[in-house]
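Trainee: Return atomic coordinates for the entry below.
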Amino acid sequence: MPNLQPARLFLGLISGTSADGIDAALVRFADDTPHARPELVFGRTYAWDPALRARLVALGQQSAQLTLDEVGELDVRIGRAFANAAKAAIADSGIDRGELAAIGSHGQTLRHRAHGDVPYTLQLGDPSSIAERCKVTVVADFRRRDVAAGGHGAPLVPAFHAATLHDAGEDRAVLNLGGIANFTLLPAQGAVRGFDTGPANGLMDAWCLHYTGHGFDAGGTFAASGQVDAALLAGLLDEPWFALQPPKSTGRDQFHLDWVASKLTGDESAADVQATLLALTVRTVADALRASQPGTRRLIACGGGVHNRVLMAALADAMPDLRVESSAAHGLDPDSVEAMAFAWLARETLANRPGNLPAVTGAAGPRVLGGIYPP
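Mentor: This next block holds a predicted model:
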């Protein structure tokens, strides 16, 4: 294993289920222990090539099919895009490449089917291409080992949340508002748990793009212009997945625009549907938290959804007995938390330490995650 002592800088890369950009986070750790405090040295989101992003969104919505040749080509294209983002982050941050211990690359999820007789999860973004172009050790393919061990391979970020946001004085929950919403439950005493609660930005962004041409609902203004359709909300909540008990995970391949269309009568206004999709996120988050950790006193939110003022206000209204705040209040940039987590996961892999939490993913036990690709 590489010696981590000389360089404690790690670069995390992730493109989430929304495929709204490649998040890069350059992280310095105070020491080599699992609970070392991370310092965000540099964070930025790098845009996808528009044509490539359109392809990814179409695939996520299950509106396109791929041949094996196209899968191979897409894997390399995504890997090159991640390499370009990494090189840009290194240049824009002003660090010397030699200071980097490794790049932790999540890749882009193409499919996540971590249940059934043959469970699998598939992230594209050829790590060999990243290592070759950046001349830095790459750690990638984090989810499949957990799935092989009987887990869901998701969520993986709770291990990072537990290392950085746990407080022995209160029950906390960390809510990631990405394409999919997911929880990390951090009780003052007891085991950490985590699971997906359902759609968040992924559906709202897709609906907003389809009807307004904008890639996301800035500030929640589109949703605020509509009214919640009670009948539609009830139909959406009738999805059997919501009744499943944790551990559980999901993705854009399950919650997509065709799924929404199957619930519509055709009489709804576009703004009302957007308002209802926002209400769906709020309702499923609030219901899940009440059921799984009713003593929660602080909800720490991160991810792109933190910038949706209407969504954040609705979450606070739905859970008046606890404090709802951004992870920024705890020194963690909400836009960089997930990328920071994959920097941390790369560090754990190189140290030969497990990166999963079996109580969260359902795996048979702790596992060292990912593969290592030397420069």
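Trainee: in the stretch 151-300 of the chain, which spans are strands?
Mentor: 172-177, 180-186, 193-199, 298-302 (DSSP state E, counting those that start in this stretch).
Trainee: that's a helix at Val27, yeah?
Mentor: No - counting by DSSP: H, G, I helix; E, B strand; the rest coil, one finds Val27 to be strand, located in no helix.
Trainee: Run a quick check on it versus Leu13, I expect a contact.
Mentor: No - assessed by C-beta atoms under 8 Å, Val27 is found out of contact with Leu13, at 11.5 Å. (Glycine included, C-beta is placed from N, CA and C.)
Trainee: what about these two, which has more around it?
Mentor: Leu13 (29 against 25; other C-beta atoms under 10 Å).
Trainee: Hmm, that one is touching His106, no?
Mentor: Yes - between Leu13 and His106 there is a contact under C-beta under 8 Å: 6.5 Å.
Trainee: Now for these two: what residues contact both?
Mentor: Phe342 (C-beta atoms under 8 Å, 6 or more residues apart in numbering).
Trainee: Can you tell me the SS state at Pro354?
Mentor: Under three-state DSSP, Pro354 falls in the coil class.
Trainee: Now do it against Val192, distance only.
Mentor: Going from Pro354 to Val192 by C-beta to C-beta, to the nearest Å gives 13 Å.
Trainee: Same list, the strands of the stretch 151-300 of the chain, but as TSV with mean neighbour count please.
Mentor: Below are these laid out as TSV (neighbours: other C-beta atoms under 10 Å):
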stretch	mean neighbour count
strand 172-177	26
strand 180-186	27
strand 193-199	25
strand 298-302	23
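Trainee: Mean pLDDT added to the ones you listed, as JSON lines?
Mentor: What follows is these, written out as JSON lines (pLDDT from 0 to 100):
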{"stretch": "strand 172-177", "mean pLDDT": "97"}
{"stretch": "strand 180-186", "mean pLDDT": "95"}
{"stretch": "strand 193-199", "mean pLDDT": "94"}
{"stretch": "strand 298-302", "mean pLDDT": "98"}
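Trainee: just so I know, which of those strands lies nearest Ser269?
Mentor: Closest of the strands of the stretch 151-300 of the chain to Ser269 is strand 193-199, at 19.8 Å (criterion: C-beta to C-beta).
Trainee: Alpha carbons of the closest one, as PDB, please.
Mentor: C-alpha atoms of strand 193-199 as PDB (Å, rounded to 0.1, in the frame of the first residue of the first chain):
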ATOM      1  CA  ARG A 193     -27.600   4.100  10.100                       C
ATOM      2  CA  GLY A 194     -28.300   5.400   6.700                       C
ATOM      3  CA  PHE A 195     -30.600   4.900   3.700                       C
ATOM      4  CA  ASP A 196     -32.200   6.500   0.700                       C
ATOM      5  CA  THR A 197     -35.600   8.100   1.200                       C
ATOM      6  CA  GLY A 198     -36.600   8.700  -2.400                       C
ATOM      7  CA  PRO A 199     -36.300  11.300  -5.100                       C
END
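Trainee: what's it in contact with?
Mentor: 154-155, 157-158, 161, 179-185, 241-242, 246-250, 255, 277, 280-281, 284-285, 288, 292-293, 357, 359-360.
Trainee: what about burial for those residues, which qualify?
Mentor: Neighbour counting with 16 or more other C-beta atoms under 10 Å marks 154-155, 157-158, 161, 179-185, 242, 246-250, 255, 277, 280-281, 284-285, 288, 292-293, 357, 359-360 as buried within these.
Trainee: what ranges do the helices span in the stretch 101-250 of the chain?
Mentor: Assigned by DSSP state H, counting those that start in this stretch, the stretch 101-250 of the chain shows helices spanning 127-134, 144-148, 158-165, 201-212, 221-224, 230-237.
Trainee: Out of the ones you listed, which one sits most buried?
Mentor: Among these, helix 158-165 has the highest mean neighbour count (mean count of other C-beta atoms under 10 Å), at a mean of 23.
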